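> Test case, fold it:
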Amino acid sequence: MNGTLRPVCLPGTRQEIRDSITHSLTTPPDVNLKDPGNLMWLSGVAGAGKSTISTSISQYFQELGRLGAFLFFNRADKLQSDPADVIRTIAFQLARSNIHIASAICTAIDNDPASIDSPIQTQFQKLLLDPLQIAASQNQIHGPIIVILDALDECGTAESRRSLVSLISDDFPKLPPAFRFFITSRPDSDIASKFENQLKIAKYPLDITMPLSLTDIRIYLDNQMVEIRERHSRRNLSPTWPGEPQMKALTERSSGLFIWASTVTKYLLQSFKPNDALKSILAKGLTTLDDLYAGALEVAGPWSDPTFIKEAQAALSVVVFGKTPMSDTMIDALLGLGPESSSSQIFGELGCVLQWLGPGQPVKVLHASFSDYLTDYGRSGAKPWFIDASILELQVAQGCLQVLKKGLRFNICGFEDSYIYTTQVPDVSHRITAHTSPHLLYSSLYWASHLAVMGSSTPHLPDGFLEDLKDLMYKKFLFWLEVLCIQQKVGIAKDVLEAVAKFAKNYGQEELADFAIDAVKFVIAFAPVIAHSVPHIYLSALPFAPSGSKVKKHYSSLLGQTVGIQSSVSGQWPRLQATIKGHSGAVLSVAFSPGGNRIASGSADMTLRAWDARTGDLLVGPFTGHTDQVKCVAFSRDGEKIVSGSFDKTVLVWDAQTGKPIGAPLTGHEGIVNSVCFSPNGEQIASASLDETVHIWDWDGHSEDSTKPPMVIKHAAAVQAIAFAPDRDQVVSGSGDSLVQIWDTRTGKLVTGPLTGHTQFIRSVAFSPDGKQILSLSHEAARIWDAYTGTEIIAIPTPKGTYAYSATFAPNGQHIVLGYRDTLLRIWDVQTGALVSAPIDGHSGVVLAVSVSPDGTRIASGSVDKTIRVWDAQELSAALKVDAQHANDQEIVQMYHPSGTGHTSAVQCVAFSPKGDYIASGSWDRTVCVWDAHTGTVVAGPFHGHEDRVYCIAFSPNGEQIVSGSQDGTVWVWSVQNRTMVAGPLKGHSNQVWCVAFSPQGDQIVSGSEDKMICVWDVATSSLVIRLPDVHTSAVLSVAFSSDSRQIRSASKSGEYIVSDMQTGALVEGPFKFQEPDQTYRIKFSPDGKLIGASGKDSCGAGL
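Residues are numbered from 1 along each chain as shown. Next up is the predicted model:
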């Protein structure tokens, strides 16, 4: 990190706060009783001068010989702002600053070389805490040794730096007192929430409203005006220019923001006529930073020219979105700009907001607030320089693709020999420089990163984008791998290709997605070989790829005279994707995170660990806290927490990002905890134990202790397994008496069961993803049950000579995966009971645990052999089947969107808009969302208003409004177009609302409730039109208006169908009684109102 060009405080400015901070940093905590610890945090708004203060303090301690490390983050430079690099960078700089520290850290690395690339918690322990304590204990460290972290808010994202912020807050105080830390940042919520409540961190809020701040600004402005007068000496500016009134006005308009004052003076320095520029600033009243940025941009070029706008936006987009700083020549190459339209033209006019030393030099944003201004629609959306990330970052990505299209070629560096490593080629650096370009190297590394802004959305693509992407995949893929290899970056290829597959699927490019998935497997299989030798892409990887590989088929023409491979083995890729080692005992439990990117594991070695599901790298851990074997683990629905159960009879909840326990252990079990799980809404935890009980714990997500006793559900034998239903307040348990039972988690009462059929104790239970079926496993068979009736659907006998230890549903609900004693995994079809494919072989010990990724593409298994293995499982990723007879004569394109976001808990109800272009959904999280039916993106909402779960939802006939009903007994009406509340809460029911419907004209709403009543509401006035209190004898589950709006048709839980008069509430027809109560849930009228269609749980239909 080169701090040569970083500004420092002028003499006399920020003196009070600098003195206070340096005093705290130099005063040992055991002498100054008021010093709360070894961490000082300076916080302030953007542009307040935090970085200038930190640089001044670093210079001060550098001169004293006390500066141990100085890290300053910049979000515009990915290489300078990765949270994963912070601990090892601190260790490196500390080692460079002190020979004794260097010796201790080097010894630690020699003893454990892998610690450098370990999760940051391990890095901290191995590279900082242990060696620094050793050095301090030998009296080799004389403090203070100062470590400065500047602009922590620009270190990664709030999500990616979460573990680092927690580590700084909780663990840095454990370091020897000689080491003192000074940290600056904006008061972003993720940082402030950790630091503000930590007593061991001294807080220094930078208050720009204090008079002293304005005094410092005036000193700064006076100093800069001297330079401005010297720069513009030919303008004959007076020695006192610009004069006291102007200086006073500038000082006041800064509002204490140094970045405002700095931008103004830079603007005056570069202006042709400083007098006119100053008059413009004062006349336009540029009092805010946004005003100042707008003023600087206005004079930078002809913003009325569409060509200039397009080129300027593109150039600024590369500066803002670039992953590393790029020169103007790189940017021109990336955007295809010629000399007559070079980006240097606009960069030269923006010296007050950009750092650029001239042609060929990197262009950087002087302050992150300028990037914020350009990309924030609320601040610059009406201006021609506004940068829409969803559009312009795609253009940056396309620029990269076009650079690759033009620059990639076979054997780009002209390697002649495959017998030596690429890095050992004598002139390899010269070859790379001679045969590639900076923009080609950048594009090869970062082109896919510019797609990340899209997430799951599908904005309109620039013309030719898909063609450029296909060109790279189908014509230049191997050449791209060459360029990654020469940069020693082939490891990123897997993530890039997975992003391509996701992108292609979002845009309906299935063939491209399949190719990208095959390319992922190609990279996984051969990365260790090609990373060392580029020629082996063609000499080893391509020939040895299976015959069914799409990569091999596309690039077979490049095989030339290489060795031919013939084999009787299947022409497909092997299933095994990764073998994860790290536990020192049997792996007893595994679980995928909801996002599918992590795997949690529990082991007989008494620890938990969290792994990268794609690479197998250890992300967090080991989690230590249990005193005996960890029998079971599970993620919360949001992926932020992990719950574990142990042989030590306790349940622990952990922060999934940091590996630290949340609160105290949940105690109460008197035997081994065999199984644990979170409820779908994250508010409860269920645990099953050898003590013959199930405990249901209320959990608010962040409690530091658990004082409320759990609900205890007693069994007649040891409870081996437990699972929550995905869509209701129920759990299923499996116990040692071979029984399966379903319980109400609110009351603890038995709902269904016991389900009998097993002859041996139950090892595993699970609900199907839709909650309609239950899987149970014992030694003799796996059985599938109807979750509502308890009827056995199918039994899958255990193969002879073995039995299964673990079982789970695949996300498609059509398959189950079982792990067996004979070390194999088997996948079964739940409808036919047949094996889907050959058993999966790879473990050397009993398979004790299995889990399937949420997208169904991977299986994780844990074994007695102490490993976790990740397997390819593409056959499990099919979407749920849909009964075409219930499609209303319309083709159902997609019923499941795995990447959809919006709700934070189970979705209870959905409805299509009349035109089929939108889907409305109601959730247990108390919100309503509207989705684009074609892309799966949220277009309106989440709407907040309900105070409990949303149970029903319906569109108005014109599709412009939505009505929703809730467990809270209220009805709300929402506008889809305006994204606002139209009416609500409509109160009239005394219990949960099960059903709602609009009248054909859309001016009225009917609702039915658990309270047996029907209410009709006027949408315009929000008033109750009529209440029908005594129509039904049980809960009203379905309501509808007749076509002429004169009648209300309703159905109840007891199987009654009734027709009521809309005006009087009088009974017109009925009640009609069906044979089976508790079956009828929905009714529908024919357009003429003469026929009623009814359907229930058994999916049957009837007409009246």
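> sec struct for residue 7, please.
Under DSSP: H, G, I helix; E, B strand; the rest coil, residue 7 falls in the coil class.
> Wait, it touches residue 53, no?
No - at 10.4 Å, residue 7 and residue 53 do not qualify as touching, with contact defined as Cβ atoms under 8 Å. The way it works is simple: take the backbone N, C-alpha and C, and place the C-beta from them, glycine included.
> These two: who's more crowded?
Just comparing residue 7 and residue 53: by other Cβ atoms under 10 Å the higher neighbour count belongs to residue 53, 25 against 14.
> where's the more buried one, which helix or strand?
Element membership for residue 53, per DSSP states H and E: helix 50-64.
> how about the helix or strand following that helix as CSV, C-alpha atoms only?
Going down the chain from helix 50-64, the next helix or strand is strand 67-72, by DSSP H and E. What follows is strand 67-72, C-alpha atoms only, in CSV (Å, rounded to 0.1, in the frame of the first residue of the first chain):
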residue,chain,number,x,y,z
LEU,A,67,4.3,2.5,13.2
GLY,A,68,3.8,-1.2,12.9
ALA,A,69,1.3,-1.3,10.0
PHE,A,70,-0.8,1.2,8.0
LEU,A,71,-3.6,-0.2,5.9
PHE,A,72,-5.9,2.1,3.9
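> report the angle between the axes of strand 67-72 and helix 50-64?
Orientation of strand 67-72 against helix 50-64 (axes from the mean of the first three to the mean of the last three Cα atoms, to 10 degrees) gives an angle of 160 degrees.
> Now do strand 67-72, average pLDDT.
Across strand 67-72, the average pLDDT comes to 94.
> Direction included, what does it pair up with?
strand 145-150 (parallel) (DSSP bridges).
> Pull out the buried positions in the partner strand.
Using 16 or more other Cβ atoms under 10 Å as the burial criterion, the residues of strand 145-150 that qualify are 145-150.
> Check the offset of that strand from the chain's centre.
30 Å (Cα atoms, centre = their mean, to the nearest Å).
> likewise stretch 362-373?
Distance of stretch 362-373 from its chain centroid, counting by Cα atoms, centre = their mean, is 25 Å.
> Give me the contact list for it.
46-47, 74-77, 151, 154, 259, 262-263, 266, 289-290, 293, 319-320, 325-328, 331, 343, 347, 352-356, 379-380 (Cβ atoms under 8 Å, 6 or more residues apart in numbering).
> Go again with 6 Å.
With Cβ atoms under 6 Å, 6 or more residues apart in numbering as the test, stretch 362-373 has contacts from 46-47, 76, 259, 290, 293, 319-320, 325, 327, 347, 353-356, 379-380.
> List buried residues within those residues.
Neighbour counting by 16+ other Cβ under 10 Å classes 46-47, 76, 259, 290, 293, 319-320, 325, 327, 347, 353-356, 379-380 among the contacts of stretch 362-373 as buried.
> need the helices for the stretch 751-900 of the chain, in chain order.
Applying DSSP state H, counting those that start in this stretch to the stretch 751-900 of the chain gives no helices.
> Of the buried residues of strand 145-150, which is the nearest to residue 1034?
Closest to residue 1034 out of the buried residues of strand 145-150 is residue 149 (64.1 Å), distances taken as Cβ to Cβ.
> dump the residue contacts of that closest one.
71, 183.
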